[in-house]
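Participant: show me how the following folds:
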Amino acid sequence: MINMKIIKKIQMIFLVLLIISCKSAKKSEEIRMSFQKYLESRNINIEKLDDSNYTDFYMDFLDFKTKSALSKNPFLKLNEVYMYEGPNVITFCIFSDESKVYLNRINKKSTEYIIKTDDENLKIKKQLKLDFLGNFDLQDNLIKVSRNERELSSKERDDCDVGYINGDSIHFIEKYRTKKFAYKKKWLAKTYKTDYVFYYQPNINITRFERTKDHNPYYLIEGAFKIELEPEKDRMTELLEKAKF
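Facilitator: Numbering: from 1, shown residues only. This is a model prediction of the structure:
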């Protein structure tokens, strides 16, 4: 005779699976309806789309959803420049409304790119290119950056930086290893404490270049930026020392 406890466990498992299945079906239907409304807003009939067009429009729809969600977040300044200053190296970073991160760094003493202004701040005198570094995830004022670094040895290093946004600054406080462009910590990976801060720079001019068959999207930046009185320890330099951009 079958044990009643076993029967109840089996019934419970089937119930959980049924609930998950119903939730998945409901979620799929919500996404389908949302996609249809997106097409209608562009005067496109979903019934007339072939497989190729359907895929293209669906990718546009996903980009639209990402941008819409990010635009509602009051903490992060999208498509603007943030700067981290170390003793020797300055790192510039842009968080785009596509949930992607673009970055480059220059030596503080570089005469090719930097000059002093009359108010003793610095200015990027030559356009600096910021290339794709990775993706970011934003939940309220909590931010995760999943970055992929191509090391000189041709090996890849994938890390996730975790931090929070406070006013005009982003404070990264820990990092750990992940799979490529992922946010979940690898099994048995250690979490390392960090302490570096990016500051918003409103006076830097930004030009975006879209993807073509010859290059990925990138940004060019130029203009004056504010120097902190007491630069923090250059941990960002340590993290990116072997990276190529």
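Participant: what mean pLDDT would you report for the helix or strand hosting Y102?
Facilitator: In this structure, Y102 sits in strand 100-107 according to DSSP states H and E. What strand 100-107 shows for mean pLDDT is 92.
Participant: can you tell me the strand partners of that strand and which way each runs?
Facilitator: Using DSSP bridges, strand 100-107 pairs in its sheet with strand 89-95 (antiparallel), strand 122-139 (antiparallel).
Participant: quick one: contacts for K116?
Facilitator: Applying C-beta atoms under 8 Å, 6 or more residues apart in numbering, we find K116 in contact with 122-123. Glycine gets a C-beta too; all of them are placed from N, C-alpha and C.
Participant: care to break this structure down by domain?
Facilitator: Following automatic domain parsing, one finds the domains of the chain at 4-71, 81-244.
Participant: ranking those by burial, who's on top?
Facilitator: domain 81-244 (a mean of 16; mean count of other C-beta atoms under 10 Å).
Participant: what about that domain, distance to the chain center?
Facilitator: Chain-centre distance of domain 81-244: 10 Å, with C-alpha atoms, centre = their mean, to the nearest Å.
Participant: low-scoring stretches of the protein, by residue?
Facilitator: 1-29, 51-52, 120, 149-156, 214, 228-245 (pLDDT under 70).
Participant: center of it - which residue?
Facilitator: F136 (2.2 Å; C-alpha atoms, centre = their mean).
Participant: show me what contacts the residue lying closest to that one once chain neighbours are set aside?
Facilitator: Counting by C-beta to C-beta, 6 or more residues apart in numbering, V145 is the residue found nearest to F136 once chain neighbours are left out, at 4.8 Å. Residues near V145 by C-beta under 8 Å, 6+ apart: 101, 133-136, 160-161, 163, 172.
Participant: what lines up beside the helix or strand harbouring V145 in the sheet?
Facilitator: Per DSSP H and E, V145 falls inside strand 142-151. Here strand 142-151 is paired, per DSSP bridges, with strand 122-139 (antiparallel), strand 156-166 (antiparallel), strand 243-244 (antiparallel).
Participant: and those: which comes nearest K72?
Facilitator: Relative to K72, the nearest member of the strands paired with strand 142-151 by C-beta to C-beta is strand 122-139, separated by 10.3 Å.
Participant: please enumerate the strands of this structure.
Facilitator: 81-85, 89-95, 100-107, 114-116, 122-139, 142-151, 156-166, 169-177, 192-200, 204-209, 218-225, 243-244 (DSSP state E).
Participant: the longest one versus strand 218-225: what angle between them?
Facilitator: Strand 122-139 and strand 218-225 meet at an angle of 120 degrees, taking axes from the mean of the first three to the mean of the last three C-alpha atoms, to 10 degrees as the criterion.
Participant: let's have the contacts of V145 in a markdown table, adding distance to N53.
Facilitator: Formatted as a markdown table, these follow (distance: C-beta to C-beta, whole Å):
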| residue | distance to N53 |
| --- | --- |
| V101 | 30 |
| L133 | 32 |
| G134 | 30 |
| N135 | 26 |
| F136 | 30 |
| C160 | 35 |
| D161 | 38 |
| G163 | 40 |
| F172 | 41 |
